[in-house]
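Engineer: could you work out the structure for the sequence below:
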Amino acid sequence: MGQVRDIMQKNVITIEHDKSALDASKMLKEKEISFLVIQKEQNPIGLVTERDIVQKIAAQDIKASELSITELMSKNFRWVAPEEDIEIAIQKMLNNNIRRLLVLDNEKLVGVITQTDLAAFLRSKLLINGTVKNLETD
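Structural biologist: Now for the predicted structure:
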C-alpha cells in the first residue's frame, strides 16, 4: 500500500518548550493550523492542539499568558517511522483514537501524518482501483 514517507507532511510547525500557552494560541491562529509540536533541543516532547486550549485554558478560565506550554501540552504523543507501512499508521491511529501521528527518524521530527492525509490517500486508492476495475470490464 505504501510507506508513511509517501504521504506524510514534511513541513511541521513547531514551537519551543519555553513559550507560553498564549504564544502557542497566537501561532495556531496565525498559521491557521490545529496543532503544534513542542520541541526542546530540536527533539519533540509534546503536542498542543486547539482542543487542549479549549479544555485546559478557556473552559477553566485560565490566563494563557501565565500558563507554560509544557503545562498545556500532551506528553503522550504517538509516532511512526517514515519507512513504516501506511497500514501500521492507520492501525495506530484507530487503536489510540487519535487524529495525528508524528513521524520520527532516529528521534528527530521529519513529518506528521493526519487523518486528512490518510483519507486523501485512501480516496485516491479507491478511485484508482475503481478505474482499473472499469477498464478490466470494458
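Engineer: state the pLDDT value of the residue positioned nearest the centre of the chain.
Structural biologist: Centre of the chain computed as the mean C-alpha position; nearest residue by Cα atoms, centre = their mean is residue 100, 3.6 Å away. Predicted confidence (pLDDT) for residue 100: 95.
Engineer: list the contacts for the closest residue to it other than its chain neighbours?
Structural biologist: Of all residues not flanking residue 100 in the chain, residue 114 sits nearest, at 4.6 Å (Cβ to Cβ, 6 or more residues apart in numbering). For glycine as for every other residue, the C-beta is placed from the backbone atoms N, C-alpha and C. Counting by Cβ atoms under 8 Å, 6 or more residues apart in numbering, residue 114 makes contact with 9, 99, 100, 101.
Engineer: so the second one touches residue 93, yeah?
Structural biologist: Yes. The criterion here is Cβ atoms under 8 Å, and residue 99 meets it with residue 93 at 7.3 Å.
Engineer: overlap in contacts, the two.
Structural biologist: Joint contacts of residue 99 and residue 93 (Cβ under 8 Å, 6+ apart) are residue 115.
Engineer: in stretch 58-66, which residues are buried?
Structural biologist: residue 64 (16 or more other Cβ atoms under 10 Å).
Engineer: what of stretch 11-21?
Structural biologist: 12, 15, 17, 19, 20, 21.
Engineer: that'll do, ta.
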